[in-house]
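1. Predicted structure and sequence below. I'll ask about it afterward.
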Amino acid sequence: MNPRSTILIVSSCWWAFPARLAMAFASIGHRVEAVCPAHHPLAKTKAVRALYRYGALRPLQSLGKAIRKSDPALIVPCDDRAVAHLHELHASDQSPVINAAIESSLGMPGSFSIVERRADLIAAARAEGIRAPDMLQVTTDEELKAALEKIGLPAVMKVDGTWGGLGVKVVQSLGEAIKARRLLSRSVGPMRAFKRLVVDRDPFSIQPAVEGTGPVVNVQSFVEGTPANSAVACWNGEVLASIAVVALRTRGAQGASTVVRVIDHPEMIETSAKLVRRLRLSGFCGFDFLLEAGTCAAHLIEMNARTTPISHLALAEGNLVTALATQLDGITAIPCTPPITQDIVAFFPQAWLLEPNSELLYMGFHDIPWGEQALVRELMKLPWPERGFLARLFSRLRRSTGTPSVSTLPIHYGPTSNIDFSARL
């Protein structure tokens, strides 16, 4: 196998797919290194050759040290917080070497502020003629009232820098919207930061609590439809490979997908290409859509300037990892495993843990990391943040009072029967 360059994966959240992405790059000969917190699934895979601690109190220093030591050809952020930290590191202008690595991995620095602000991203999309529900940033109740007079009700409240359905609230009235804005715009105070540290094992809330900055809240027009998303590998504003899926199961109505179906949707792919070109993006990115019942028209609702849970999938229709690998080294990357040919893909461990008796687990491809026994064992346990005594006690208290949490959100069945997904690439 020809020697390939180093890939640096950056993840601040306890998620499974960064480890799968590491395995995908390692399987075609890349040296993979990672920056992550302790007890991350990335530490359980043999694909990662070197680990760097993602320090919550000094995240920029952690990233700078890892970039200097690994000298990566590509930095791959796996969550929005990691993206924001890389943007902030670039803005601090620590080193021309570090800045060059970030720019080559993420794209044009002028687009960094746009991809971090949901309202700015939607404005850029609409300027390209892309079908996207209007979104406005609101900081006061008066601004919110004016925004709702323009876009109407129901509406969707969203916070910048959140993921997995967190920081999203559908509102039906002005009173409900005002209450949601005040709740979503609260800064992370000392007590909330302390709770997240000792209960959720999340030390990354300490820095926002010290800085006292509040979240950015937006309001977006409501669109009724089925969740879908595309993922692309791109370089200097040009798409190298792309895939599109529709959600068959999600964790809550606005949560992450647990089971998806690969679809052929030219509008989704073209929308992705337009924004990649406009923002001159590089690396991985994902785009979230809602598909109208009946027409299947795609409404762009947001973008993730990072890798997403479908980015590592080696589909017969497209392989994002090999496309980027070929671009990086100029050596054609050939997958070591047969491509996934099934329409339906169930993510492990989410689909198995939340719906173990689902027929979808047997109908499609169950994305289990066979050959990595330590990783499989790790993923079959509760996520690390939920394993502690206080976290389990807090979860029981929430269940006893009927308060939903991310870990207890029910499986959501999308209205897929109204759309024809039979066609594929």
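-> That came through fine.
2. Gln94 contacts Gly64, correct?
-> Yes: at 5.5 Å, Gln94 counts as touching Gly64 under the criterion of Cβ atoms under 8 Å. For every residue, glycine as well, the C-beta is placed using N, CA and C.
3. give me the low-pLDDT residue ranges for the protein?
-> 1-3, 253-254, 398-425 (pLDDT under 70).
4. what about the residue lying closest to Val156 once chain neighbours are set aside, helix or strand, and which?
-> Distance criterion Cβ to Cβ, 6 or more residues apart in numbering; nearest residue to Val156, sequence neighbours excluded, is Gln220 at 4.6 Å. In the assignment (DSSP states H and E), Gln220 maps to strand 217-221.
5. now swap in Arg49 and tell me
-> Short version, using DSSP H and E: Arg49 is in strand 48-53.
6. and the gap between Ala16 and His312?
-> Ala16 sits at a distance of 10 Å from His312 (criterion: Cβ to Cβ, to the nearest Å).
7. For the stretch 301-425 of the chain, just list every one of the strands.
-> 344-347, 365-367, 411-413 (DSSP state E, counting those that start in this stretch).
8. just these: most buried one?
-> strand 344-347 (a mean of 22; mean count of other Cβ atoms under 10 Å).
9. picking up where we left off before, helices or strands up against the strand holding Arg49?
-> Judged by 3 or more Cβ pairs under 8 Å, 6 or more residues apart in numbering; DSSP states H and E, strand 48-53 is in contact with helix 17-27, strand 31-36, helix 59-70.
10. Would you mind telling me which of these is nearest Arg377?
-> Arg377 lies closest to helix 17-27 among the helices and strands packed on strand 48-53, at 12.5 Å (Cβ to Cβ).
11. what's in contact with the closest one?
-> Residues from elsewhere that reach helix 17-27, judged by Cβ atoms under 8 Å, 6 or more residues apart in numbering: 7, 9, 11, 32, 34, 36, 40-42, 44-48, 76, 78, 307-309, 311-312, 314, 321, 325, 335-337, 347, 367, 369, 372, 375.
12. can I have that helix written out in CSV, keeping just the CAs?
-> Provided in CSV are the C-alpha atoms of helix 17-27 (Å, rounded to 0.1, in the frame of the first residue of the first chain):
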residue,chain,number,x,y,z
PHE,A,17,-18.9,8.2,14.0
PRO,A,18,-15.5,9.9,14.5
ALA,A,19,-14.1,6.5,15.3
ARG,A,20,-15.7,5.1,12.1
LEU,A,21,-14.1,7.9,10.1
ALA,A,22,-10.7,7.1,11.6
MET,A,23,-11.2,3.5,10.5
ALA,A,24,-12.1,4.5,7.0
PHE,A,25,-9.0,6.6,6.5
ALA,A,26,-6.7,4.1,8.1
SER,A,27,-8.0,1.3,5.9
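13. Tell me what angle it forms with strand 31-36.
-> 160 degrees (axes from the mean of the first three to the mean of the last three Cα atoms, to 10 degrees).
14. now Leu353, nearest residue through space, not along the chain?
-> The shortest distance from Leu353 to any residue other than its chain neighbours is 7.9 Å, reached at Met380 (Cβ to Cβ, 6+ apart).
15. roughly how far apart are the one you found and Asp200?
-> Distance from Met380 to Asp200, counting by Cβ to Cβ: 21 Å.
16. And Ile206, by the same measure?
-> 12 Å.
17. roughly how far is the longest helix along the chain from the heart of the chain?
-> If you go by DSSP state H, the chain has its longest helix at helix 266-279. Centre-to-centre, helix 266-279 and its host chain are 18 Å apart (Cα atoms, centre = their mean, to the nearest Å).
18. other SSEs contacting it?
-> Using 3+ Cβ pairs under 8 Å, 6+ apart as the contact test, the elements touching helix 266-279 are helix 118-127, strand 226-235, strand 238-251, strand 283-291, strand 298-304.
19. partners of the last one, with directions?
-> This means strand 298-304. Using DSSP bridges, strand 298-304 pairs in its sheet with strand 283-291 (antiparallel).
20. for the residue nearest the centre of the chain, what are its contacts?
-> Nearest to the centroid of the C-alpha atoms of the chain, with distances taken as Cα atoms, centre = their mean, sits Thr308, at 4.5 Å. Neighbouring residues of Thr308 by Cβ under 8 Å, 6+ apart: Phe17, Asn229, Ala231, Phe284, Gly286.
21. The same query, at a cut-off of 6 Å, please.
-> Neighbouring residues of Thr308 by Cβ atoms under 6 Å, 6 or more residues apart in numbering: Ala231, Gly286.
22. Next, work out how far apart it and Cys234 are.
-> In this view, Thr308 and Cys234 are 13 Å apart by Cβ to Cβ.
23. and if you look at Asp329?
-> Counting by Cβ to Cβ - Asp329 and Cys234 are separated by 17 Å.
24. repeat for Ile368
-> Counting by Cβ to Cβ, the separation of Ile368 from Cys234 is 28 Å.
25. Determine which member of these two has the greater number of neighbouring residues.
-> Neighbours per residue, other Cβ atoms under 10 Å: of Ile368 and Cys234, the larger number sits with Cys234, 27 against 16.
26. picking up where we left off before, need the helices and strands packed on helix 266-279 in TSV with distance to Glu386, can you?
-> TSV is the format used below for these (distance: least, Cβ to Cβ, whole Å):
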stretch	distance to Glu386
helix 118-127	28
strand 226-235	24
strand 238-251	14
strand 283-291	25
strand 298-304	23
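27. neighbours around the closest residue to Arg53 other than its chain neighbours, how many?
-> Sequence neighbours aside, Ser62 is the residue nearest to Arg53 in space, at 6.4 Å (criterion: Cβ to Cβ, 6+ apart). By the measure other Cβ under 10 Å, the count of residues near Ser62 is 22.
28. ok, now Arg118?
-> 23.
29. Could you do Arg31 as well?
-> Neighbour count of Arg31, defined by other Cβ under 10 Å: 19.
30. try the one 5 residues further on
-> Taking other Cβ under 10 Å as the criterion, the count of residues near Cys36 is 27.
31. got it, and the one 5 residues further on?
-> Counted with other Cβ under 10 Å, residues neighbouring Pro41 total 27.
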